[in-house]
Structures are given as C-alpha cells and as structure tokens.
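In: Fold the following.
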Amino acid sequence: MSSTPNPSPRILDFPQSTNSPQPKPSKPIFTTCKTLISCKKSKSALEEKKKLVFVDYDNGEHQVSTHVSGLRKSDIPKRYRLRVKADRFQKDWSVSEVVERILKLSQWDDVEGLLNQWVGRFSRKNFPLLIREITQMGSLEHSVQVFRWMKNQKNYCARNDIYNMMIRLHARHNRVDQARGLFFEMQKWRCKPDAETYNALINAHGRAGQWRWAMNIMDDMLRAAIPPNRSTYNNLINACGSSGNWKEALNVCKKMTENGVGPDLVTHNVVLSAYKSGNQYSKALSYFELMKGTNIRPDTTTLNIVIYCLVKLGQYGNAIDIFNSMKEKRSECCPDVVTFTTIIHLYSVCGQIENCQTAFNTMLAEGLKPNIVSYNALLGAYASQGIHKDALSVFNEIKKNGFHPDVVSYTSLLNAYGKSQQPKKAMGVFVLMRQNHCKPYLVTYNALIDAYGSNGLLTEAVEILHKMEQNGVQPNIVSICTLLAACDPCGQKVKIKSILSAAELRGIKLNTAAYNSAIRSYLSLGEYEKALSLYRAMRTKKVKPDPITYNILISGCCKMSKYVEALAFLDEMMDLKIPLSKEVYSSVICAYSKQASVLGQVTEAESMFTKMRMAGCRPDVITYTAMIHAYDVAENWEKASVLFLEMEADDVQPDSIACSSLMRAFNKGGQPAKVLVLAEFMREKKIPFNNSSFFEMVSACSLLSILFKDWREIIGLIKFIEPSISVVSVGLLNQLLHFLGKSGKIETMMKMFYKIVASGAEINFHTYSVLLNNLLAVGNWRKYIEVLQWMEEAGLLPSVQMYRSLSSFAQTLGGAEYAAIIQERLEFLKRNSGNQNPTKKPNDDSLLPASTLLDGTKV
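Out: Here you go, the predicted structure:
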C-alpha cells in the first residue's frame, strides 16, 4: 500500500490592492506540512501591509509577521526613477526587506552602504516606516545607525514620531541619558515635543527608577501647556510604583481622577504593581476587591500580581484557586509563563517539589516556552531541598534549550550541593561560574559560606569571607548570620566572639536574626551566661527581639534544666506584648512538663495548651509530645491516652518519642496491655521503634508475665525487636535477656543471644554476666562453663565472682557426682586464663587473679 506524500507548504493570499507587485515570500523554515496565510488591507501604497502566518502542524508552532511595503520604485518621483534605472546596484526593496537585511548585518558591517542601495530612500515618507519597523525589532545598535544615516539624507525632515520611537527604544534598553539627549535634540531640529514625547521620556525615567525625574518631566509638560492623557498618568504611576513609592503612586492616581481622566485596566495593573513593589500585599488584595466592583475585567497580568501577593501572604490555597479558575476560563485570562513560574515558586515554598515539576510539565504541555526565570524557579525548588541530582538535570536542560545560565542558576546549583553536604562540589560550581565569565554576587558568596559552615568547616567558611572581600564584594548581615550559625555544629565558642568583633569592625550592625544565631550557638555550647549577656546587649542597643529569640532562650534553658529562667523569659515576652508563636508555646509547655513532678505544674501546661489552640496555633507533634510527657510525669495515663487520640484526630502523625512517652505513662499506670496495643499501632503506621519504646515494651511484658503468667507476649516482643537488634542499645538487650532468664525461658534467652551475636550488635561484660546468672539459677552448669569459654575467646576475662558462684554451686547444689567434673572444668579454665591472658586483671574489685582463688578450693 503506497503512502501519500506530505503536501507542500500552502500559501493563502487574500490581496485587496494591486498597486504594487507582490513581494516574494521568504522560504519556510519547516520541513513538514505548513501553511502560509497572507492577508492584505486596502490602503494606499505607503500604508500597505500584509500579514504572513507560518503554521507547522507537526511541531505545533506558528509565526505571525507583518510585511510593510512602503513606497517602491514606481511611487518615487520620476527624476529619481530615471537616476536609478540604469544602476544595477539599486534595489527596489520593501521596508520589511530592508529591515530584514539590516538585522542580518553585524554592528561593524557597512549598514550605510546597504541603505544606499535602497531605492525607497528617495522618498522621505519611507523614513518613519523604516524607523518604526526596526525599533519594533528591539535592536538598539542597528536603529541608532539607521537613524544616523537618515539624518544625513538631503530629503530628511525631522518629525516627532521618529524621535518618539527612538526615545521609546532607548527607554526599553534603560538608556536614560541618550533618551533625554534625543529629547533636547528634537527641539534643536525644531520639533515641538508632544504628549507622546513626554510619555516616552517619563517611561524611560520610570524604568530606571528615577521617579523624581519623572515627576519633574510631568511638571514641565504642564508648563508647556500640553494636557497629560491617560498614558501619561499610567507611566507616572508606574514610575513611582516600580521604585517602591506606592504612596506617591496613589497620589498621582488621585490627581488623575480629579482631572477627569478615568482609570483603565492598565491603571489598575500599575497600581497593583506599585503595592506589590512596596511589599503592601494586603493592600493590593483590598484594591483588587474594589476593582471587582468596576466594569473593568482583570486580565492575566492582574491575576498574576494577585497570585504573587497571595503567595507572599502565605494564602496558598487561594492562589491555587485563582490559578485553577484561570485554566477553566481560558477565553478570558489564560495562564502565561509568569503564572506558571509563580505557581512553581508557590510549591517550592510549601516544600512540594513533585508539584513543582508537575506545574513545569503542564506549562510545556500548554505550548508555553519557559524562560530563564522559569528554569531558575524549578532549579531553586530542588536546591532548597538539597536534591542536587535533579538540580543538575535542570541546569543542563537550561543549556540544552539555548539559554545561558545566569548568576541565579549557578547560585541555585551551588546551594543544592551545599544543602546536600557536598561543599567541594559547591566550590566546583563556583569555579565553573568564574570560568564562564559569570560574576558571583553577594548571595552566591553567602551560599558558599553556608555550604562549608553548615558542614562544620568553619575555617574554610571564614576564608571564603576574606576572598569575598578581596574580590570587591562586601559582606552583609546575612554573611555574619551564616558564620554565626556555623559555630553551632563546629562547637567553637571562641569563633563566635571573633565573628561578632569582625562585624563591628566592618560597620555591620547586628539585627535580630544575627543575635538569634549567636544566642543559639552559645546555648548549644552550654554557655548560658554569655547567651544572657548577648541578649542584654541586644536589648540595650534597642534591637527588638522576636518570637524566635524567646523560643531559642526558652528551649535552651529547658535543655540546661533552667526551667525557672525559661518561664521568666516567657513573662518578659508577655510584658513586651510579643505574640507567642507555635514554637514558643511548645517550649513553654515543655518547661511546665519538666516541672510537673516537682511543682505540680500540669495545670499550667494544660492552660498554655488551651491558650495555644484559642490563639489559632495548630499544635504539632512536639507540642503533643510535651503534653503527654507532662501527664506521664503526673502519672495520669487517662488524660495522656485521650490527648493521643486527639492528636490522631487532628491529623498529626505521632512519632517515636510521643509513643514512647505514652507507653511510659501506661506502664506507670499499671496498664501494660495498652503498651503492646500501642506497639501494634506503631507497626501498622510504620512508626520506627526507638530504645525507649523497646524498653517500655520489655517492662510491659515483664508485668504481664508476673500478673497473668502469660508468656505468649514474650515471643511477640522478640519478633518486634529482632529486625532492630543491630541498632538497639546494649543496655536494652541486656535487660531483655535478663527478663527472659528470670521468666525461666532459658532456651529462648540463649536463642536471643545467638541472634544478637549474628547481627553484630555490641556485647559487653554485663551481657555475659546476665547469661551466667540465669544459667546458674536453673542449675545449667555445663552451659555456664561454656559461656565462660566464650568470654575468654571474646577477650573478656571473667570476674572473680563468676568463678566463686560456680564453686559455691558445686559445694551446695551440684552433688558429689558432678563435683569432680566441675572441678576439672574449673582447673582447665584456670590454665587457659593463665596462658592466654597472663597480664590481664580480672573484672572485679579484687586484685587477686582467678587462678589463685581456685587453688585452695575443695569440692
């Protein structure tokens, strides 16, 4: 069966003017089925335009361009036609063809030579069209060369629209001085500036952040008796708002309405943008609600600003709702690249990295092409979690898609390696960044300092700070905070004082975050007095503490058992009317719970827990654990159990510490069966067991075996502990063996011991002591002597008491038939002990060797 070949590219042309010949269409850049649609409007030869549409159905791409003809050879005066008729170098190009050829030239190529071959230069009416087309392309250098050539032509006549377009182009490239120079030049050429001229100049100063210059230009415009229009006010509002002066922007908006010029959608957008630039996110949302009452419908730009403000205020659910509504109502407000980039940042802040990748893939599926900001947002999301492999993949994707990684890209990748505890690879990214001529900035150096400091390499972090200064980048308060935080894992309290002195020497004033880092480092090193002195200095210098400061102080005091001091900081915090955060509530409850047995402050802990809920702070697992511990200390297992159920109802996943605290409360309250039920719950919920939980389970089984003579729970307990033998502490294993031996389960005890040996867990002298005591208690002297031999082989010398116990057993309970055998084994052990370990001392308080004590023993 033969296949049908792909059709050739289709060109659909709807001409409505035959005054000039049809230009030859450019070659399609696609290789498969494409469509070229051409539309003309019936206008004069000067204004004739034709839209060309390239469609590639296979790749899902399309391109729309406008072809401007301009005045051609047949339209210029006759004397110029006769002049160029015999010259084969003169070309009858359209305006669009001239622009296309100019843009193909480099800056140093002969642009004037190309323009001198153009027949249309003899008509001055082509000049505005040429400037308009080339400025729309955005090439500043080519536009300046064309404008310079144009002014040297004999038939050139200066016009306002030409200068306005050139001023707007310089504004797009933030060339404020050149734009202002064109403003004065046009007046020398006797072109009187109009409203569009002033608008373009105000826009230029607004883009550069020079809002006062923009205000002065507005005053000059009024003095020149030129009435400002809506665009003038919009540009002025944008100039003030983009600089963060949202109050000035509102004053201009108020003046605009007073002068009878009503706001439009652009006005509302620039006002919202002014609130956004001024960090007034709540005011922006209030203004948006007022905007809904007007007849002006928001567009994509409006909703993008609203979503950004919602993200900054932490209202992630509302932001997602607006995003979903935009996807549902595509005809009104379709999400663009900025929308998806903001959503990626939202998921990154929430820590939902998988959703970040999903949003990015959705953007690609929608046919939107990500820009470098979108890639950086995704790269930053992976970097924030230390997922360096995916971060590197995104970094390579940036280069693969034709973008050049910028300073943000390199800094994010560097941060990813720092978060994943790979400081050497972070330094490798830094070196690569310098090799690719990308200059690091302050955030880059701070990320590199954190990469080394957070991994305990404080000396290298300080060296980076010095290198940073040598390269002309001055450290800021973030650099100091990063170094102070690095002193905590390094355990170097001398460095804290040195860093504080270095900050003072460089004129860096410590803020609240810096003091918090220093106080936390001092408290983690046990330097309570120095931390308190630094806190007092903070208050003296009128640096206002925040909830984080008091949380550090209160939790630090609790770790050092200074509960009275911790509650004193709470009183001081209440006096300053600083709102209590969730962490502060948890720390205070912990302080009360630690004193519950001494001062009976369980009631205070309950009161604080109730206040926390009333304040709208949702308790977390740490808070619940502190309260369960308080009830445990107060021996009130009923309330602890009820609180644990509330914890589960509030969708707070309990951890090992919370479960072990509740187990302890059950054991103290005489409820060992509930301990094993809770252990089953932990296994179902896949909550890892810790030493405390295993200890309480052993205690519960011990109580059950004593009370009900039921040994089935012992087997279940061993099954619980078997997978975790290698990580369980030796003390807990010894207790388990002791429990099995006391229960009379000698065979089970020995099997458990074999499993401990097979797992490679630690076995000490006390482990063997537990085995020997229990073996001798049931009269198994043969296994007793065998265990003594195991001790010798393990390099542990048995104690004098172990030999004495066996001798005593032989004299009293062994009987005459076994006495000789026991004596023979002891003599053998005596010789072994003397030969293998002649210099070792026995593990006992006695200084006599075991062989000496056995010499005079009579069986």
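In: Which stretches in this structure count as strands?
Out: Along the chain, the stretches classed as strands by DSSP state E are 10-14, 34-40, 49-56, 61-68.
In: Could you tell me the least trusted of those strands?
Out: Ranked by mean pLDDT, the strands of the chain bottom out at strand 10-14, which scores a mean of 39.
In: now this protein, which segments are flagged as low pLDDT?
Out: Low-confidence segments of the chain (pLDDT under 70): 1-49, 51-54, 58-63, 330-331, 488-494, 596-600, 705-720, 723-724, 726-728, 810-859.
In: center of it - which residue?
Out: residue 384 (3.3 Å; C-alpha atoms, centre = their mean).
In: Quick check: closest non-adjacent residue to that one.
Out: Closest residue to residue 384 apart from its sequence neighbours, by C-beta to C-beta, 6 or more residues apart in numbering: residue 348 at 6.1 Å. Glycine gets a C-beta too; all of them are placed from N, C-alpha and C.
In: Count the neighbours of the one you found for me.
Out: Using other C-beta atoms under 10 Å, the number of residues around residue 348 comes to 23.
In: gap between the residue nearest to the centre of the chain and residue 375?
Out: Residue 384 sits 15 Å away from residue 375, going by C-beta to C-beta, to the nearest Å.
In: now do residue 649
Out: Remark: distance between residue 649 and residue 375 (C-beta to C-beta) = 43 Å.
In: the more surrounded of the two?
Out: The residue with more neighbours, out of residue 649 and residue 375, is residue 375; 24 against 8, by other C-beta under 10 Å.
In: how many other residues sit next to residue 584?
Out: Neighbourhood size, residue 584 [other C-beta under 10 Å]: 26.
In: Now for it: which residues touch it?
Out: By C-beta atoms under 8 Å, 6 or more residues apart in numbering, the contact set of residue 584 is 547, 550, 551, 554, 570, 573.
In: And for it, nearest residue in space, chain neighbours not counted?
Out: Nearest non-adjacent residue to residue 584, counting by C-beta to C-beta, 6+ apart: residue 551, 4.8 Å away.
In: any idea how far that neighbour is from residue 578?
Out: In terms of C-beta to C-beta, residue 551 sits 11 Å off from residue 578.
In: Those two: which is more packed in?
Out: Using other C-beta under 10 Å as the criterion, residue 551 and residue 578 rank with residue 551 on top: 23 against 16.
In: Give the full set of residues in contact with residue 317.
Out: Under the criterion of C-beta under 8 Å, 6+ apart, residue 317 has no neighbours.
In: Near the closest residue to residue 296 other than its chain neighbours, how many other residues are there?
Out: Distances taken as C-beta to C-beta, 6+ apart place residue 265 nearest to residue 296, at 5.2 Å, with adjacent residues excluded. Neighbour count of residue 265, defined by other C-beta under 10 Å: 15.
In: surely residue 265 meets residue 299?
Out: Yes - if you go by C-beta atoms under 8 Å, residue 265 and residue 299 touch, sitting 6.2 Å apart.
In: who's in contact with residue 169?
Out: Counting by C-beta under 8 Å, 6+ apart, residue 169 makes contact with 135, 138, 140, 143.
In: what's near enough to touch the residue nearest to residue 384?
Out: 356, 377, 380, 381, 384.
In: Separate out the buried members of these.
Out: The neighbour-count test (16 or more other C-beta atoms under 10 Å) applied to the contacts of residue 348 identifies 356, 377, 380, 381, 384 as buried.
In: got a list of what the third one touches?
Out: For residue 380, the contact set (C-beta under 8 Å, 6+ apart) comprises 345, 348, 408, 412, 415.
In: cool, and the first one?
Out: With contact taken as C-beta under 8 Å, 6+ apart, residue 356 is in contact with 344, 347, 348, 377, 378, 381, 382.
In: Would you mind measuring from the fifth one to residue 353?
Out: Applying C-beta to C-beta, one obtains 9 Å for the distance of residue 378 from residue 353.
In: same question, the second one
Out: Between residue 347 and residue 353 the computed distance is 7 Å (C-beta to C-beta).
In: between the two, what contacts are shared?
Out: When contacts are counted by C-beta under 8 Å, 6+ apart, the set common to residue 347 and residue 353 consists of residue 381.
In: who's more crowded, those two?
Out: Neighbour count, other C-beta under 10 Å: between residue 347 and residue 353, residue 347 has more, with 23 against 17.
In: Out of the buried ones among the contacts of residue 348, which comes closest to residue 456?
Out: Of all the buried ones among the contacts of residue 348, residue 384 has the smallest distance to residue 456: 21.2 Å, by C-beta to C-beta.
In: what's the neighbour count on residue 444?
Out: As a burial measure, residue 444 scores 23 neighbours (other C-beta under 10 Å).
In: Contacts only, for it.
Out: The contact partners of residue 444, taken as C-beta under 8 Å, 6+ apart, are 407, 410, 411, 414, 430, 433.
In: nearest spatial neighbour of residue 560, skipping sequence neighbours?
Out: Residue nearest to residue 560 in three dimensions, not counting chain neighbours: residue 528, with 5.9 Å by C-beta to C-beta, 6+ apart.
In: Could you give the number of residues near the one you found?
Out: Residue 528, neighbours per other C-beta under 10 Å, totals 16.
In: next one: the one 10 residues further on
Out: One way to gauge burial is a neighbour count; for residue 538, by other C-beta under 10 Å, it gives 21.
In: swap in the one 3 residues further on?
Out: The local packing count at residue 541 equals 10, with neighbours defined by other C-beta under 10 Å.
In: which residues touch it?
Out: Residue 541 is in contact with residue 510, counting by C-beta under 8 Å, 6+ apart.
In: Look up how far residue 504 lies from it.
Out: Distance, residue 541 to residue 504, using C-beta to C-beta: 11 Å.
In: Same question for residue 151.
Out: 59 Å.
In: shouldn't residue 566 be in contact with residue 551?
Out: No - Residue 566 is beyond contact range of residue 551, at 10.5 Å (criterion: C-beta under 8 Å).
In: shared neighbours, these two?
Out: Residues touching both residue 566 and residue 551 by C-beta under 8 Å, 6+ apart: residue 587.
In: Residue 389: how many residues sit nearby?
Out: Neighbourhood size, residue 389 [other C-beta under 10 Å]: 9.
In: OK, contacts around it?
Out: Shown in contact with residue 389 (C-beta under 8 Å, 6+ apart): no residues.
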